[in-house]
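Q: I need the structure of the sequence given here:
(one chain, ligands or ions: 2)
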Amino acid sequence: MINMYQERVLSGMRPTGGLHLGHYHGVLKNWVELQHEFECLFFVADWHALTTHYDTPEVIEKNVWDMVIDWLAAGVDPANATLFIQSRVPEHAELHLLLSMMTPLGWLERVPTYKDQQEKLSEKDLSTYGFLGYPLLQSADILIYRANKVPVGEDQVPHIEFTREIARRFNHLYGREPGFEERAEAAVKKLGSKRAKLYEELRKRYQEQGDDEALEAAHALLNEQQNLSLGDRERLFGYLEGGGKMILVEPDALLTAASRMPGLDGLKMSKSYNNTITLREDADSVTRKIRTMPTDPARVRRTDPGDPAKCPVWSFHLVYSNTATQEWVQLGCKSAGIGCLECKQPVIEAVLREQEPMRERAQMYQDDPTLVRNIIADGCEKARKLANETMRDVREAMGLSYS
Ligand code: ATP
Ligand code: MG
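A: Ligands and ions are numbered 1, 2, ... in the order given. Coordinates of the predicted model:
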């Protein structure tokens, strides 16, 4: 079967504080690679930030632009990816509302992060409507772009699974399987002056040669319609293919090797655990934090042998060191041949080396904030156009097009 659906990547982050190395190795590094391979959309999830920070909106306001600078510093290239802010594309909220009509409450209550986060952030009252709806808003973010790839950290995987279920339920409820003639007619209606000719052509092929040949012809013809956006061409083709049932697309999560990067204390690196190194943290602070990191508690004296498996520094070596260094650590630690400070030195150097180009790249954007404002303004406009392509179909499917 011909696949005209272009691979599209979507991912977001909440502007709730400076980004840390967990964000970088868990997600951001993946963004930087994916932008060369696929159409990519990356957004500031400011509404998602409000679900936990509704009483401190100033935190969000302060972090939005800094976070975009972090992305740019990490190597996200606005020429290769669309960067935007969630709340500037209000169609996300419209889709969230429409999806909420058909979302069983039990599905939301069962998402593991719901209870986990309530416990973890127990100082906040998260028994709110908005917080319960967190994963559904995320589904709307993804589905509105018909994105099929979502780079996230491990904790987000249940949300992507939830999104797949929502898409399936939506398509089941509102998608229909029209006959070929009906499909062809609906498709060519969009094609302006060429429509009559195209319709006849498709019908002829269909009658003469059957489905596959007709689809080949349709594929070629749609590809020539330069006046149609790629999204429109994909939709039309999906329609012809009998994809009438597929209004929304089920996405997959994309994970990195460090999809759950540990922090300075060995727990998952997270702002709320106070165990982070931020992306552009100054060199002295990075050095001090790593030098004072806890190590295997059994290694009290320099002469006591240790076990890397019980040491948070080892998990940094797994991310930052080559095999030779890793072997040096294993041998040296287990035989007490090297001290903990010695063992930490290559990690300190690797982190600083990684951060240097980021600090440099960030400088230009810090010096001229209008650069960042313009990148985002462009991105919001592009994202909105794409979002509206899906919303047209969703509104129609739910009986809201009233034309
Ligand atoms: P924090 O945990 O520091 O509060 P956050 O989880 O609030 O950060 P989000 O915007 O929810 O930040 O997460 C952005 C992305 O970064 C998500 O895909 C999340 O899975 C990923 N992520 C966050 N922390 C880590 C980590 N330590 N290792 C790998 N990925 C991570
Ligand atoms: Mg999170």
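Q: And the one residue in the stretch 301-403 of the chain that gets nearest to ligand 1, how close does it get to Ala257?
A: With C-beta to the nearest ligand atom, the shortest gap between the stretch 301-403 of the chain and ligand 1 falls at Val319, namely 10.1 Å. Yep, even glycine has a C-beta here, placed from its N, CA and C like the rest. Per C-beta to C-beta, to the nearest Å, Val319 is found 8 Å from Ala257.
Q: number of nearby residues for Glu200?
A: 12 (other C-beta atoms under 10 Å).
Q: That one is in what secondary structure piece?
A: Secondary-structure assignment from DSSP states H and E places Glu200 in helix 195-209.
Q: Remind me what the helix or strand following that helix packs against, helices and strands.
A: Per DSSP H and E, the first helix or strand lying C-terminal to helix 195-209 is helix 211-224. Packing partners of helix 211-224 (3 or more C-beta pairs under 8 Å, 6 or more residues apart in numbering; DSSP states H and E): helix 180-189, helix 195-209, helix 230-240.
Q: Tell me the buried residues in the longest one?
A: Read that as helix 195-209. By neighbour count on 16 or more other C-beta atoms under 10 Å, the buried set for helix 195-209 is Leu198, Tyr199, Glu201, Leu202, Arg203, Arg205, Tyr206.
Q: residues near Asp367, how many?
A: 8.
Q: if you average pLDDT over stretch 353-369, what comes out?
A: Throughout stretch 353-369, pLDDT has a mean value of 97.
Q: Alpha carbons of that stretch, as CSV, please.
A: This file holds the C-alpha atoms of stretch 353-369, laid out as CSV (Å, rounded to 0.1, in the frame of the first residue of the first chain):
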residue,chain,number,x,y,z
ARG,A,353,32.5,20.0,27.4
GLU,A,354,28.9,19.3,26.6
GLN,A,355,27.7,22.6,28.0
GLU,A,356,30.2,24.9,26.4
PRO,A,357,28.7,25.2,22.9
MET,A,358,25.2,25.6,24.5
ARG,A,359,26.3,28.6,26.5
GLU,A,360,27.8,30.1,23.4
ARG,A,361,24.8,29.5,21.2
ALA,A,362,22.5,30.9,23.9
GLN,A,363,24.4,34.2,24.1
MET,A,364,23.1,35.5,20.8
TYR,A,365,19.5,35.0,21.8
GLN,A,366,20.0,36.4,25.2
ASP,A,367,21.5,39.5,23.7
ASP,A,368,18.7,40.0,21.3
PRO,A,369,15.3,38.7,22.6
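Q: and that stretch, which residues are buried?
A: Residues Glu354, Gln355, Met358, Arg359, Arg361, Ala362, Tyr365 are the ones in stretch 353-369 that count as buried (16+ other C-beta under 10 Å).
Q: So which of those residues are in helices?
A: Those of these mapping onto helices are Glu354, Gln355, Met358, Arg359, Arg361, Ala362, Tyr365, per DSSP state H.
Q: Mind telling me the two of the residues you listed farthest from one another?
A: Glu354 and Tyr365 (18.7 Å; C-beta to C-beta).
Q: and the residue of the chain most remote from its centre, what pLDDT?
A: Residue farthest from the centre of the chain, counting by C-alpha atoms, centre = their mean, is Thr303 at 46.1 Å. Predicted confidence (pLDDT) at Thr303: the value is 95.
Q: Could you do Glu241 as well?
A: 69.
Q: ok, now Leu191?
A: For Leu191, pLDDT reads 63.
Q: One more: Val188?
A: pLDDT at Val188 comes out at 65.
Q: Then Leu202?
A: 73.
Q: from memory it sits against Glu216, does it?
A: No. With contact defined as C-beta atoms under 8 Å, Leu202 does not count as touching Glu216 (10.8 Å).
Q: Could you see whether ligand 1 lies near stretch 128-139?
A: No. Figure legend: stretch 128-139 not in contact with ligand 1 (C-beta under 6 Å from any ligand atom); closest approach 9.6 Å.
Q: Please list the residues of this protein that sit near ligand 1.
A: Listed as neighbours of ligand 1 in the chain under the rule C-beta under 6 Å from any ligand atom: 13-14, 16, 22-23, 26-27, 152-153, 155-156, 259-261, 268-272.
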